[in-house]
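*Asks:* fold the following and give me the result.
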Amino acid sequence: MTWLTLLFRVGAILYVIYVLKDSHLLDKPRMWLINRSLFFAQLLTCQYCLAFWASLFVFLLPVQAAGILALAFIAAVLYGGLFYGE
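*Replies:* Residues are numbered from 1 along each chain as shown. As a prediction, this is how the structure comes out:
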């Protein structure tokens, strides 16, 4: 694995964590899962747990799919939506 591939995968992991845990895009499904399942409540409120499973998911993806997620992360950072609200 090259450094660029690793960097893309780290960006993809950060983006997956952000979208699942903090993004307004998934507020309703996230709250629905949290209210109905203890497993998902613990998973979606624990940053370390979510980071572990997101990392496993991203590293099992093909390089192209991880690259697409990484580009979405870069676009979100450059646009300012990731850190300054949507």
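*Asks:* can you give me the helices for the protein?
*Replies:* Listed in chain order, the helices of the chain (DSSP state H) span residues 3-21, 27-36, 38-45, 47-60, 63-79.
*Asks:* buried deepest among these, which one?
*Replies:* Stretch with highest mean neighbour count among those: helix 3-21 (a mean of 17; mean count of other CB atoms under 10 Å). Every C-beta, even on glycine, is put in place using the N, C-alpha and C of the backbone.
*Asks:* mind giving me the packing neighbours of it?
*Replies:* Where contact means 3 or more CB pairs under 8 Å, 6 or more residues apart in numbering; DSSP states H and E, helix 3-21 is packed against helix 47-60, helix 63-79.
*Asks:* dump the helices of the chain into a markdown table; add mean pLDDT as well.
*Replies:* Output for the helices of the chain, formatted as a markdown table (pLDDT from 0 to 100):
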| stretch | mean pLDDT |
| --- | --- |
| helix 3-21 | 85 |
| helix 27-36 | 94 |
| helix 38-45 | 93 |
| helix 47-60 | 89 |
| helix 63-79 | 80 |
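*Asks:* if I look at Leu56, how far off is Leu50?
*Replies:* 11 Å (CB to CB, to the nearest Å).
*Asks:* next one: Trp3
*Replies:* Going from Trp3 to Leu50 by CB to CB gives 25 Å.
*Asks:* now swap in Ile34 and tell me
*Replies:* Distance of Ile34 to Leu50, given as CB to CB: 12 Å.
*Asks:* same thing with Asp22?
*Replies:* Distance from Asp22 to Leu50, by CB to CB: 10 Å.
*Asks:* do Ala72 as well
*Replies:* Distance from Ala72 to Leu50, by CB to CB: 17 Å.
*Asks:* could you do Met31 as well?
*Replies:* For Met31, the distance to Leu50 - CB to CB - is 15 Å.
*Asks:* and stretch 29-47, how far from the chain's centre?
*Replies:* 15 Å (CA atoms, centre = their mean, to the nearest Å).
*Asks:* stretch 57-67 too?
*Replies:* 12 Å.
*Asks:* and the end-to-end length of it?
*Replies:* 13 Å (CA to CA, to the nearest Å).
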